[in-house]
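**Q** sequence first, predicted model second:
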Amino acid sequence: MELSRDHQHGCGSPWKRFLLIAILLSFWTHPGFAEIFINTVPTQPMEGGNMLLIALNTPDDILNATWYSWFRPWYPAMIVSCIPTNRTGPCAQVFSPAHTTRKILTHWNILEIRNLTLSDTGFYSLLLDTESGPRNASTYIKVKQADDSISKPKISANTTVPVAEIDSVVFTCHTNATNVKILWFNGGVLLSGGERLELSSDNRTLTILRVTLGDQGLYYCRVENNLTSATSDTIQLTVNYSPSQIFLFTHPTRSYENVITSDLNYSVVLNCEVSGSPSPLVFWFFNGTECWNRSVYVIQRLSPKDLGNYFCMARNSVGQQTSPSIQVRLPQDNSDIEPIEPDPIYSLSGAPAICLTVAGIAGIIFFIGGMTYSVLNRKSVRKGKSQECGCI
């Protein structure tokens, strides 16, 4: 029997065609979704160095994020799972079988592997549970054996806690390698200079002029050539700033004129909320004198001596901020009304009052005694009459 053309070539059998279609479908992405991909920093990780796996082009409706040391989701290869609180904040992490102390989730979409070994070579994947369904991405990492030609660079900074809008920060990448390219990163984002970013001619120094809160983050440098690369450790930059706008919360609620009205013997609560770095200390002042050193000041039972003007002051090492003054007063100001004198006809005091009291008590005793005598006398009369009737 003559074989068909497909059988002669050995690659056209129906089951092989089906297998090819299945493989192609497994890589198909819904056209309505943008493709998620994982970026590797550095692109050529070296033994003994650090590596960042950064998921990019991620959706907004993320419910859960899980990293695996495998090309697809598989529980024995699960590294860590987290539930993001928001796209910019931290997440609640759950460690899994493949987790080690060298594998750190710095952000829900950034997995850092420190002190790389050759055994870290392999596939890594990220599974995202979203409101529109599961999404995933994977990548393959090849850890190269350490090359003595480029040693791990060191990074330094003139300060790691600059003051916003005042200080400038200078980062320096220290390396003995020659004929290399030096790159700078902040949280995995390549820095290429700009209005306030200055790079030296050899890229060994990075200067940030008049830092802002947006400059905070993890900075590191990478040294590379055509054959290999090495990445420094990270430096955390925290920007300090003076106390900003103060928010006042009170009970009872203050008026637009910053006046609190309350009756005596009721509680009054004053709360001063403010942000700043380092965290500000809060002080309350009463009529210009400090009275409390916490953000919340409570007057348990309002008394006349508590009536007056209050304000709070927030202070840290950078500066201070003062709140508007709040006046605490009674619902109605009676300070201008003269007190009313009691009527002399109905007013008694001293000896007359004592005599009147004694006379009143004596009158009550006399009245009770008279009533008792009258009752006993009636009973005696009735008893006498009964005896007379019995003698007839």
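**A** Perfect, I can see it now.
**Q** CA only for contacts and neighbour counts going forward, please
**A** Noted.
**Q** just the helices from this protein, written as ranges.
**A** With DSSP state H as the criterion, the chain has helices at 5-9, 14-26, 351-391.
**Q** any weak-confidence spans in the stretch 101-250 of the chain?
**A** For the stretch 101-250 of the chain, the stretches with pLDDT under 70 are 146-149.
**Q** now the strands: where do they sit in it?
**A** For the stretch 101-250 of the chain, applying DSSP state E, counting those that start in this stretch gives strands covering 103-107, 110-113, 122-130, 133-141, 154-157, 169-174, 181-186, 189-191, 197-199, 205-208, 217-224, 229-231, 235-237, 247-251.
**Q** what comes up buried for the third one?
**A** Right, strand 122-130. Neighbour counts over strand 122-130 (16 or more other C-alpha atoms under 10 Å) mark 124-129 as buried.
**Q** which members of those residues are the farthest-apart pair?
**A** Between any two of the buried residues of strand 122-130, the greatest separation by C-alpha to C-alpha is 16.9 Å, found for 124 and 129.
**Q** and the buried residues of strand 122-130 as JSON lines, adding distance to residue 273?
**A** Converted to JSON lines, the buried residues of strand 122-130 look like this (distance: C-alpha to C-alpha, whole Å):
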{"residue": "124", "distance to residue 273": "44"}
{"residue": "125", "distance to residue 273": "43"}
{"residue": "126", "distance to residue 273": "40"}
{"residue": "127", "distance to residue 273": "40"}
{"residue": "128", "distance to residue 273": "37"}
{"residue": "129", "distance to residue 273": "37"}
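**Q** which of those sits closest to residue 257?
**A** Nearest to residue 257 among the buried residues of strand 122-130, counting by C-alpha to C-alpha, is residue 129 at 50.7 Å.
**Q** and that closest one, how far is that from residue 75?
**A** 15 Å (C-alpha to C-alpha, to the nearest Å).
**Q** and if you look at residue 260?
**A** 60 Å.
**Q** which of those two has more neighbours?
**A** residue 260 (21 against 13; other C-alpha atoms under 10 Å).
**Q** now do the contacts for the more buried one.
**A** Counting by C-alpha atoms under 8 Å, 6 or more residues apart in numbering, residue 260 touches 252-254, 326-329.
**Q** what subset of these is buried?
**A** Buried members of the contacts of residue 260, scored by 16+ other C-alpha under 10 Å, are 252, 254, 326-329.
**Q** does residue 122 have beta-bridge partners, and which?
**A** residue 141 (DSSP bridges).
**Q** quick one, what contacts it?
**A** 69-70, 140-142.
**Q** scan these and report the most crowded one.
**A** In terms of neighbour count, residue 69 stands highest of the contacts of residue 122 at 25 neighbours, by other C-alpha under 10 Å.
**Q** for residue 244, what are its contacts?
**A** Residue 244 is in contact with 274-276, 321, counting by C-alpha under 8 Å, 6+ apart.
**Q** for residue 332, see how far away residue 228 is.
**A** In terms of C-alpha to C-alpha, residue 228 sits 81 Å off from residue 332.
**Q** circling back: adding distance to residue 62, write the strands of the stretch 101-250 of the chain out as a markdown table.
**A** Formatted as a markdown table, the strands of the stretch 101-250 of the chain follow (distance: least, C-alpha to C-alpha, whole Å):
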| stretch | distance to residue 62 |
| --- | --- |
| strand 103-107 | 13 |
| strand 110-113 | 14 |
| strand 122-130 | 4 |
| strand 133-141 | 9 |
| strand 154-157 | 35 |
| strand 169-174 | 35 |
| strand 181-186 | 24 |
| strand 189-191 | 22 |
| strand 197-199 | 33 |
| strand 205-208 | 34 |
| strand 217-224 | 23 |
| strand 229-231 | 31 |
| strand 235-237 | 27 |
| strand 247-251 | 33 |
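**Q** residues near the closest residue to residue 248 other than its chain neighbours, how many?
**A** In space, and not counting its chain neighbours, residue 248 is closest to residue 272: 4.9 Å by C-alpha to C-alpha, 6 or more residues apart in numbering. Neighbours of residue 272 under the rule other C-alpha under 10 Å: 21.
**Q** oh, and call the first residue 567 from now on, that's how I've got it
**A** New numbering, starting at 567: the last item is residue 838.
**Q** surely residue 838 is in contact with residue 813?
**A** Yes: with contacts counted by C-alpha atoms under 8 Å, residue 838 reaches residue 813, the gap being 6.0 Å.
**Q** how near is residue 696 to residue 625?
**A** Residue 696 is 8 Å from residue 625, where distance means C-alpha to C-alpha.
**Q** repeat that for residue 731.
**A** From residue 731 to residue 625 the distance is 34 Å (C-alpha to C-alpha).
**Q** please name the residues that touch the nearest residue to residue 789 once chain neighbours are set aside.
**A** In space, and not counting its chain neighbours, residue 789 is closest to residue 748: 4.7 Å by C-alpha to C-alpha, 6+ apart. Residue 748 makes contact with 768-770, 787-790, according to C-alpha under 8 Å, 6+ apart.
**Q** ok, now which ones touch residue 660?
**A** Neighbour list for residue 660: 646-648 [criterion: C-alpha under 8 Å, 6+ apart].
**Q** over to residue 791?
**A** Going by C-alpha under 8 Å, 6+ apart, residue 791 touches 745-747.
**Q** so how far is residue 745 from it?
**A** Residue 791 is 7 Å from residue 745, by C-alpha to C-alpha.
**Q** likewise for residue 681?
**A** Noted for residue 681: a distance of 25 Å to residue 745, by C-alpha to C-alpha.
**Q** now do residue 732
**A** Counting by C-alpha to C-alpha, the gap from residue 732 to residue 745 is 36 Å.
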